[in-house]
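# sequence unavailable; structure follows:
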């Protein structure tokens, strides 16, 4: 028994150290195309579960009345995913009936970023975008960003209940613009 205790303590210490190091890597930037997106809490990195995704983050709400929302990063290379307007049209088409949609363009340090916002009854895809299975969600918002690039655009998409997305909007914009911000003076 005496010989087991030191081994157990050493294994426990190494396990805690490994866990600590694994948590440290969770804030590594999300890389998609030429862009590297930086984030911090309350963003939580998730495992990528599809080859169509370049990254996945969850925004952990501080208000228990709000639902956590996910941001999915997509990158398909030059000409992939049908281009910018095709994706905007696809996102607008995911709403049923009357929906409020708008597109805004912004320039950050000489680079364009395009934002899409849609509100209404959203057909949430179940099992991927090509499964044909969806569930209508009333009172949902889609907030998306597109970063054009000669190497192919990068798409970020967040969807969820209106109040939950509204609470995460500023953090989403900071995340989307993070690779465009200069390191000096920021």
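Structure's in. What do you need? Note that the coordinates shown come from a computational prediction; the quantities given were computed from them, not determined experimentally.
# only C-alpha atoms from now on, for both contacts and neighbour counts.
Noted.
# give me the three-state assignment for residue 47.
Judged by DSSP: H, G, I helix; E, B strand; the rest coil, the three-state class of residue 47 is coil.
# ok, now residue 88?
helix.
# leaving out chain neighbours, which residue sits closest to it?
residue 116 (6.9 Å; CA to CA, 6 or more residues apart in numbering).
# next, count neighbours for that neighbour.
Using other CA atoms under 10 Å, residue 116 is surrounded by 19 other residues.
# list the contacts of it.
Residue 116 is in contact with 88, 101-104, 142-145, counting by CA atoms under 8 Å, 6 or more residues apart in numbering.
# and these, which are buried?
88, 101, 142-145 (16 or more other CA atoms under 10 Å).
# can you name the two of those that are farthest apart?
The largest separation in the buried ones among the contacts of residue 116, counting by CA to CA, is between 101 and 145 at 13.5 Å.
# what helix or strand is the residue nearest the centre of the chain on?
Residue closest to the mean C-alpha point of the chain, counted by CA atoms, centre = their mean, is residue 71 at 2.1 Å. Secondary structure from DSSP states H and E places residue 71 in strand 69-75.
# now do that strand, average pLDDT.
In this model, strand 69-75 carries a mean pLDDT of 97.
# nearest spatial neighbour of residue 61, chain-adjacent residues omitted?
Distances taken as CA to CA, 6+ apart place residue 68 nearest to residue 61, at 5.4 Å, with adjacent residues excluded.
# ok, now which ones touch that neighbour?
Here residue 68 is in contact with 58-61, 164 (CA under 8 Å, 6+ apart).
# at 6 Å what do you get?
By CA atoms under 6 Å, 6 or more residues apart in numbering, the contact list for residue 68 reads 59-61.
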